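K.L.:
sequence? don't have it. structure:
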Ligand SMILES: Nc1ncnc2c1ncn2[C@@H]1O[C@H](COP(=O)(O)O)[C@@H](O)[C@H]1O
Ligand SMILES: Nc1ncnc2c1ncn2[C@@H]1O[C@H](COP(=O)(O)O)[C@@H](O)[C@H]1O
Ligand SMILES: Nc1ncnc2c1ncn2[C@@H]1O[C@H](COP(=O)(O)O)[C@@H](O)[C@H]1O
Ligand SMILES: Nc1ncnc2c1ncn2[C@@H]1O[C@H](COP(=O)(O)O)[C@@H](O)[C@H]1O
Ligand SMILES: [Mg+2]
Ligand SMILES: [Mg+2]
Ligand SMILES: [Mg+2]
Ligand SMILES: [Mg+2]
Ligand SMILES: [Mg+2]
Ligand SMILES: [Mg+2]
Ligand SMILES: [Mg+2]
Ligand SMILES: [Mg+2]
């Protein structure tokens, strides 16, 4: 059984106690614990439990992106010779984009953030083209009409993964329009589910690993 | 009762005989007949009937956009001092865009066609910016992910009407993704239904008339 | 890069701190800050921040329509020679209609409110016809079955923008029936997303600007 | 077991032979056969079979509304002291409206047709108000945005049954917008499924029977 | 303008103050105020306001069905010679069924409640057949799969109005399955929107009035 | 690898040649070929091919239910001591019900057909109760509102599998209402996809095998 | 009237008082009370009421799966010679799986739990194959993409009932993807509604009873 | 403007003449023409036109996968040091899988086909594991419940792109269930639209190019 993807605890639909228990087990067995989509109560329970059972671990936490990562004292993160750009159209996209960036880093690739390049002001996209073209893979997050990944993919020749974000109200809001647009895109995008920063990040991480492998690094 | 919009016969769901009869009546009572969304049988019936009852009328017909227009010998089209740009992303968008352009012309405004400026190659859009900015109103047709109206609206300061086109297959195909994207657009678009070239055209025509009025022409 | 549309901060999905920061930046760089769809916490944060960093600005706020507008002491609003009618069917439509009216005013056009002309009592619509026909553009807000824009558009010859409102319960509630009805309307409506008062307002504002331009004012 | 509704054969999804057999059985056992939604092959099979087995029956057939009715030589239709108005917005609505009218007549009530009173030209609706107000029940058929039943119900005080028609293309086409609008109507409409002329007609027929009963006729 | 339907204030989407104000106006102008779908805050505001401005009025209130009715001291309810059965499948159906019963009574007809005759135990339905057959019209409320109105309509020959209820979880929950089933019913049902007790009740009330009229009472 | 289910070729989306090839292979390797959902061209190709390569096989074919079954000369069908009732509401339900019955027989159980017991005439259901209660498992097929499986499951204490049928037009037509109603049923139904006679039949067959096993037959 | 299924009170949409009353009645008339989907307030009300009116009853309660079961002092649960496997893919599936297991036990069959055999790590599924194959029926619960029942049904030859769980976010979240996948499964699954542990359990219980019957136990 | 993706003509929605013209232009300007989703008439028109204008070109054509590729006499395909596995669950998946394989080859990577490894018989998947693990990227096509990409991604550590196929009938048929399942997958899949073999192939090709680049080949 191999999947190449770090174990992570998806907090949705679990009780705080269950999440904390799963995190503690992950930390003690693999040297690392990753928790995603944790609400305040779940995050609190995890921190308390880890403080208790693994005081030597280093814990990082993003309130906005709702993830926690703990490394045991001996844990050594992989280090890949590949760089993943994580691009956002606006402030709200930072939530799943932050989740994606976290998991890319945990898989060992470099992360380059390019923020606030919304499609309604193309000049900002064009200004960032050199930075975008330097990356090995791009994750492009966008909500509402979700046009940014299409525009970016038309301007670069690296693989782009579209990450639809649950913004937008009314008809096809909550990311449905963005997802539909990415699936219908007239460019070579692949896509993940709405807000699935974890999936976008792990897919980018797997590609990064192939590139690292090939580089003979 | 005033609506400002030319009478037109929507052929969908009518028999060829019904369509031909409605067209003949329109021509004899208003000096003009407009038929939209006619299939081959319906178009044939209209042409035959008008040949018969109104041999002096001039008939134009678009097989691709599926409309017919007949003008009685005395008919004089209005002439407005306003120009409407009709913009398409690709070849298939020409179908409803052609319908829109026809009705704009029938309402008396000038039509400027800007074709094949798909969002996947932004340079073509940018090249056309001067032409686009010269228009008083823009109708921008796009299928699949429908991002073109959003991109255009971010680059011009004239009103843009999004016209979603029923292209695209799979999830949210047949124009649904394009419509959703235009409704969710982060720019100041208004939108019409999928393939509703007639509605986009009449809305643009009404705006053109307001502009013409104001110009004191 | 030109879009003709005032910058506005959409509060949905942002933290109060983020919204306040974006508003403060807008005010200091453009002389004006517009915030839409702010909940109580976001509105409070904005007011506090602006009180702090821009005590000389004048702030207006609509609790019902959830917008805030701040003008710096030097700010001068544009003034267009064009009038936009904002029409509602019932009490609940006032929420997005108020948002639309605010942005029309910020773009410089005159606003004429015509309220409570629901389609179930046509006499009230008919009574208001003279007022409606005097406007250059109409925004017509309606929830539930959303028939009002269709009825109005059949009675006037100015351009009408339909604004579906998220009222209605059960099947196709929350504005979906109203949106569908406006898209399917047998009149020359263009439409915006459910509750998208901002989009309806900016589109009307852009049309108003074209009219003002043409009038040579 | 009583349902008050005449037996009818719904041709959809049956072979021509099955439909013809069911019609012949109905005619021989009840003195009447009613077939709805028959395509050409099914209608042909029914006519041939009835010619064969019941040459004395009188057969009527609507190609447009796709129904057939056969009465045995002895059959006597019920006769109710009640009148049902069947109202249409446009030419295409005639298909299910014709089905509704047929079944109302078969149940014994009088039918008054009021056609082509589309909501985009309210004057025609208003002109017909006296006729509409004279009926005991109204069936109002409308496709696209389906606003006519709402407008009519606001002007009369008899019960109105909305009959959505499968016209309209694009988003919520094929009668979905009309159905949604009737369900969300701010008036006292009841509704039937899209194109369900049979259901609207039988419901009106049952009401007519209650009125006839009460009148002591 | 005549619609035959009592004015009612739909509380959804209005502030408590707005609802109270509309109720007070209705009471003072028509002698009666009806409020539907009021939450606790709205109901409280109405009661306080009416206590204040109309202490002589009699107020009734259903916490479960969320309606309030106030009659001025002089108000006399109409009295029709017709009876409406209001039938429920289970405990939860009582919410919209209670709204329907209230408005039927306010329109002057008699109401006969038949409760807890769920389709999973047909014997209870069969036991109630005599009572059901005595009514002039039936409103049948049902959630989940919504089969009860179909079963009842197959057993009686009076008109049946299906009232889908927003129960049921998972796929097509919240009344969507019940609505779909009623629209697809193989009997002569007409239907209203999910939870639309008000609409079912007013439609039944209008039918009751026609029956009363015919009876020459 | 064990699944307990006979191999069958699903003809949908395959060319006639592909279907014929797969059937021939199945026959020669397992002594039996089962093809489902074959259109005329596919059925023709299968028959021709089997005539050719396996002239000694016995072939049965249902044009209405669109299946073919071939048994090699040595093939011996299993024989289970269990009986499955296959129940239909109307003529059109026979299509998937026939597919279900075929596969039940191929798995070795007895099949008892109970047809035309539509929910709109409960007496016919009640008449058949003794027959229904004698079966070990029931498959109940129903289209439109799909209420029959719910009614039956309330009257018997054997397991019932609901089989929704793609009849019904308009909203939630093509079996969607029936499926929704079965999923929301207030009785102990399990369900299969719309028209999935094969799945209903194999599930019933697996249950029949467990019963046969337990009976020690 | 026989349905073979224990009466249970579905707490959804009822007030705590109503639920408590229904539970008390069930206990006093049948010796047993089963309540499902109870929230904290409802569960509290039930426990209080039963403590009061039936202090001799034994009460069990699952906070996670939200059910309560009370047995009167004389109550004797049935005992069937059949075993039902209840299988889950992950922690969150335990909620409806627990409901299913409870009702299977109440119907008298043995329950074997097999937990945490998610499809992303097939080895765990394969390890449990011997246990799975020993059961007479399997209920397999899975959320998100819901592939586990398909994988299991391909490996065993006992009947499998798929139980979709309302996990998953974004497009087709809340169990819709899982339900769709089970309905489309290329194996012989039957399915129940999302989270319908009660329905899965009662269906399995009815099958268990048939097996017990056949075993002559 | 760079996108890294070969130009291709999407035949959907174009006339045969338009498709042929676009293909001829592509061939003469880039040395290569790629046409996808061509029906018979379109494919015929392309072949005729290319025969005419470019007799020296070599043309390949897949009737099943509906693509045409023409290489001018001088054209030299790129050659990348990377291998892409294209995996299918069943016969019908070959249609979009063939499209994906074609474009991967045109972009220069090696293609390894692994067919008929449907999830209902896991042994075949397990047998192919060594081959699957040798690839640099995998495209996994699956229709109906679409579980194969999830199962494969759990067994390999290379990036997997899910390609949903428009098979399956009834609820969520035509690939919707497969798409939903891939988006909800608990593994690190990225996804493309239903039947979007071209998109899956170009995304895989872009990844292959990054790997080739890194390998310093
Ligand atoms: N935010 C996330 N979004 C989607 N999948 C996730 C996320 N976080 C973790 N996962 C996946 O879900 C699995 C954990 O599921 P569970 O057993 O329910 O905790 C992990 O191994 C990941 O494959
Ligand atoms: N519970 C209800 N459901 C549906 N329509 C209602 C309801 N209560 C009142 N109405 C209708 O909605 C109208 C009031 O709408 P409004 O102007 O928003 O208060 C009334 O005149 C009724 O026709
Ligand atoms: N009519 C049917 N409906 C659903 N599943 C079927 C049907 N006929 C065959 N199957 C299943 O689909 C598999 C065949 O799929 P395929 O490999 O595409 O021929 C069979 O093994 C059955 O499990
Ligand atoms: N959790 C559940 N999910 C689905 N159906 C249930 C559930 N619990 C009870 N039921 C069914 O719903 C009926 C109770 O409905 P009610 O009369 O509303 O309490 C019971 O007799 C069961 O058939
Ligand atoms: Mg993997
Ligand atoms: Mg107008
Ligand atoms: Mg602009
Ligand atoms: Mg009846
Ligand atoms: Mg009325
Ligand atoms: Mg199996
Ligand atoms: Mg039962
Ligand atoms: Mg690119």
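P.N.:
Everything's here; your move. Since we're looking at a predicted model, the values are computed, not measured. Numbers count the residues shown, from 1 in each chain, chains lettered A, B, ... in the order given. Ligands and ions are numbered 1, 2, ... in the order given.

K.L.:
What residues does residue A:150 make contact with?
P.N.:
Residue A:150 is in contact with A:162, A:181-182, A:185-187, A:189, B:119-120, B:145, B:147, counting by C-beta atoms under 8 Å, 6 or more residues apart in numbering or on different chains. (Each C-beta comes from the backbone N, C-alpha and C, glycine too.)

K.L.:
try residue A:113
P.N.:
A:85-88, A:97, A:101.

K.L.:
Report the separation between it and ligand 2.
P.N.:
47 Å (C-beta to the nearest ligand atom, to the nearest Å).

K.L.:
Correct me if wrong: residue A:119 contacts residue A:143.
P.N.:
No. Assessed by C-beta atoms under 8 Å, residue A:119 is found out of contact with residue A:143, at 11.2 Å.

K.L.:
wait, what's in contact with the closest residue to ligand 6 within chain A?
P.N.:
For chain A and ligand 6, the shortest gap (C-beta to the ion) falls at residue A:171, measuring 23.7 Å. With contacts defined as C-beta under 8 Å, 6+ apart, residue A:171 is in contact with A:177, B:180, B:183-184, C:175-176, C:179, C:193-194.

K.L.:
mean confidence score for stretch A:95-103?
P.N.:
Across stretch A:95-103, pLDDT averages out at 98.

K.L.:
That stretch near chain H anywhere?
P.N.:
No. Judged by C-beta under 8 Å from any C-beta of the partner chain, stretch A:95-103 makes no contact with chain H; its nearest approach is 9.2 Å.

K.L.:
which helices and strands sit right next to the helix or strand containing residue A:104?
P.N.:
Using DSSP states H and E, the element containing residue A:104 is helix A:94-107. With contacts defined as 3 or more C-beta pairs under 8 Å, 6 or more residues apart in numbering or on different chains; DSSP states H and E, helix A:94-107 has these neighbours: strand A:32-36, strand A:58-62, strand A:67-71, strand A:83-88, strand A:110-114, strand A:137-142, strand A:160-164, helix A:197-214.

K.L.:
what about the third one, near chain G?
P.N.:
No. Judged by C-beta under 8 Å from any C-beta, strand A:67-71 stays clear of chain G, getting no closer than 14.6 Å.

K.L.:
Excluding chain neighbours, give the residue nearest to residue A:62 in space.
P.N.:
residue A:98 (5.5 Å; C-beta to C-beta, 6 or more residues apart in numbering or on different chains).

K.L.:
any chance of the contacts of residue A:150 in JSON lines, plus distance to residue G:199, pLDDT and neighbour count?
P.N.:
Converted to JSON lines, these look like this (distance: C-beta to C-beta, whole Å; pLDDT from 0 to 100; neighbours: other C-beta atoms under 10 Å in any protein chain shown):
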{"residue": "A:162", "distance to residue G:199": "38", "pLDDT": "98", "neighbour count": "29"}
{"residue": "A:181", "distance to residue G:199": "37", "pLDDT": "98", "neighbour count": "34"}
{"residue": "A:182", "distance to residue G:199": "36", "pLDDT": "98", "neighbour count": "32"}
{"residue": "A:185", "distance to residue G:199": "40", "pLDDT": "97", "neighbour count": "31"}
{"residue": "A:186", "distance to residue G:199": "44", "pLDDT": "93", "neighbour count": "24"}
{"residue": "A:187", "distance to residue G:199": "45", "pLDDT": "94", "neighbour count": "27"}
{"residue": "A:189", "distance to residue G:199": "40", "pLDDT": "96", "neighbour count": "28"}
{"residue": "B:119", "distance to residue G:199": "48", "pLDDT": "84", "neighbour count": "27"}
{"residue": "B:120", "distance to residue G:199": "48", "pLDDT": "79", "neighbour count": "23"}
{"residue": "B:145", "distance to residue G:199": "40", "pLDDT": "96", "neighbour count": "32"}
{"residue": "B:147", "distance to residue G:199": "44", "pLDDT": "96", "neighbour count": "32"}
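
K.L.:
So which of those residues belong to helices?
P.N.:
A:181-182 (DSSP state H).

K.L.:
and of the contacts of residue A:150, the nearest to residue F:215?
P.N.:
residue A:182 (55.8 Å; C-beta to C-beta).

K.L.:
you'd agree the closest one is up against residue A:189?
P.N.:
Yes. If you go by C-beta under 8 Å, residue A:182 and residue A:189 touch, sitting 5.5 Å apart.

K.L.:
Next, show the common contact partners of the two.
P.N.:
The contact sets of residue A:182 and residue A:189 overlap at A:149-150, A:162 (C-beta under 8 Å, 6+ apart).

K.L.:
Turn those residues into TSV, including distance to ligand 10.
P.N.:
Converted to TSV, those look like this (distance: C-beta to the ion, whole Å):
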residue	distance to ligand 10
A:149	41
A:150	43
A:162	37
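
K.L.:
and residue A:76, backbone torsions?
P.N.:
When read as degrees, to the nearest 10, the backbone of residue A:76 gives phi -120, psi 120.

K.L.:
and it, how many residues sit next to it?
P.N.:
9 (other C-beta atoms under 10 Å in any protein chain shown).

K.L.:
in chain A, which residue is closest to the centre?
P.N.:
residue A:100 (0.5 Å; C-alpha atoms, centre = their mean).

K.L.:
Now residue A:110: closest residue in space that isn't a chain neighbour?
P.N.:
Residue A:110 sits nearest to residue A:83 (C-beta to C-beta, 6+ apart), 4.2 Å away.

K.L.:
close to chain C, is the helix or strand of chain A at the bottom of the mean pLDDT ranking?
P.N.:
When the helices and strands of chain A are scored by mean pLDDT, DSSP states H and E, helix A:122-127 comes last with a mean of 91. Yes. Residues of helix A:122-127 are located near chain C by C-beta under 8 Å from any C-beta, namely A:122-123.

K.L.:
do that helix and chain B meet at all?
P.N.:
Yes. Contact of helix A:122-127 with chain B (C-beta under 8 Å from any C-beta) involves residue A:122.

K.L.:
And for that helix, what's in contact with it?
P.N.:
A:116-119, A:148, A:151-152, A:155, B:122, B:151, B:154-155, C:1.

K.L.:
Please pick the buried ones from these.
P.N.:
Among these, the ones that count as buried by 16 or more other C-beta atoms under 10 Å in any protein chain shown are A:117-119, A:148, A:151-152, A:155, B:122, B:151, B:154-155.

K.L.:
Distance to residue D:70 added to those, as TSV?
P.N.:
Shown next, in TSV, are these (distance: C-beta to C-beta, whole Å):
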residue	distance to residue D:70
A:117	71
A:118	67
A:119	64
A:148	64
A:151	64
A:152	67
A:155	69
B:122	67
B:151	62
B:154	65
B:155	67
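
K.L.:
Distance from the chain centre to the helix holding residue A:104, please.
P.N.:
Mean-position distance between helix A:94-107 and its chain equals 3 Å (C-alpha atoms, centre = their mean, to the nearest Å).

K.L.:
With stretch A:166-185 instead?
P.N.:
With C-alpha atoms, centre = their mean, you get 19 Å for stretch A:166-185.

K.L.:
now do stretch A:14-21
P.N.:
On C-alpha atoms, centre = their mean, the centre of stretch A:14-21 falls 22 Å from that of its chain.

K.L.:
How about it and chain G, touching?
P.N.:
Yes. Counting by C-beta under 8 Å from any C-beta, chain G is contacted by stretch A:14-21 at A:14-15, A:18.

K.L.:
and the residue in chain A that chain F sits nearest to, what pLDDT?
P.N.:
Using C-beta to the nearest C-beta, residue A:171 is the residue of chain A that sits closest to chain F, at 18.2 Å. Residue A:171 is assigned a pLDDT of 98 by the prediction.

K.L.:
For residue A:48, the count of nearby residues, please.
P.N.:
12.

K.L.:
Isn't residue A:129 up against residue A:158?
P.N.:
No. Counting by C-beta under 8 Å, residue A:129 does not reach residue A:158; the two are 11.6 Å apart.

K.L.:
Many thanks, have a good one.
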